[in-house]
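1. Model the following, please.
(one chain, ligands or ions: 1)
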Amino acid sequence: MASESLIQKLEATIDNIPDFPKPGIQFKDITPVFLNPKLYEEVIDDLAEFSKGKIDVVCGIESRGFLFGIALAVKLEVPFILIRKKGKLPPPFIAQKYDLEYGSSEIEMKADQLKPGQRVLIHDDLLATGGTTEAAAKLVEKQGAKVAQFSFLIGLEALHGEEKLSSFNSEVYKILSY
Ligand code: AMP
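-> Residues are numbered from 1 along each chain as shown. Below is the predicted model:
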């Protein structure tokens, strides 16, 4: 859906850092996008085009999911809800555990912000293994809302994250796929 020109500009802007934060990981650094307000706006417009009229709420995943998610929600004129790492939100909140390569982690969301039946977009900057996003989707469903869509700037296809999201029967959009 994204134009060739947006894809090319983003590819040229996002930095690839080998072996960060661990050997074997190629880190996608999106921070140079924020040096270019016009490009940032094009990203928001493109994400908005995908979600326009299809969702009632944007849920953004800490922390890079906040950086585009809030602007996207404002553009779509819908509420934004934060999905945060454990221990950051005051009560009432609900939590969801998920497995990491070694050990486990937990994300949380305020318990009184999402309404049953609302159509939700879950947004993050990057889809890797899909573990975090799947946990976010479970949090949404626990509250009786529907995960209508997922969107990301980047999808790392070799990690098959999208397979973890298939059970939610939602649309998935990535501007860039590697
Ligand atoms: P996952 O749960 O494996 O899909 O991981 C997704 C989260 O980890 C996202 O919030 C990303 O910001 C971050 N992440 C994972 N892999 C990378 C990577 N290669 N470059 C940048 N961020 C990453």
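
2. From residue 99, how far off is residue 69?
-> Distance, residue 69 to residue 99, by Cβ to Cβ, to the nearest Å: 24 Å. Backbone N, C-alpha and C define where each C-beta goes, glycine included.

3. more crowded one of these two?
-> A direct count of neighbours by other Cβ atoms under 10 Å for residue 69 and residue 99 places residue 69 higher, at 26 against 12.

4. which ones are touching that one?
-> 58-61, 80, 123 (Cβ atoms under 8 Å, 6 or more residues apart in numbering).

5. Quick one, which of those are buried?
-> Among these, those classed as buried by 16 or more other Cβ atoms under 10 Å are 58-61, 80, 123.

6. quick check, residue 166 in a helix?
-> Yes: per DSSP: H, G, I helix; E, B strand; the rest coil, residue 166 lies within a helix segment.

7. what's around it, how many residues?
-> Neighbours around residue 166, by other Cβ under 10 Å: 10.

8. Also residue 34?
-> Neighbour count of residue 34, defined by other Cβ under 10 Å: 12.

9. what about it, distance to the ligand?
-> According to Cβ to the nearest ligand atom, to the nearest Å, residue 34 stands 15 Å off from the ligand.

10. on that earlier part again, so which two of the buried ones among the contacts of residue 69 are the farthest from each other?
-> 61 and 80 (11.8 Å; Cβ to Cβ).

11. if we can go back for a sec, from the contacts of residue 69, which land in strands?
-> Judged by DSSP state E, these include 58-61, 80, 123 as members of strands.

12. Which ones, among these, also lie beside the ligand?
-> Contacts with the ligand within the ones in strands among the contacts of residue 69, as defined by Cβ under 6 Å from any ligand atom: residue 61.

13. Can you tell me which of the ones in strands among the contacts of residue 69 comes closest to the ligand?
-> Nearest to the ligand among these is residue 61, at 5.7 Å by Cβ to the nearest ligand atom.
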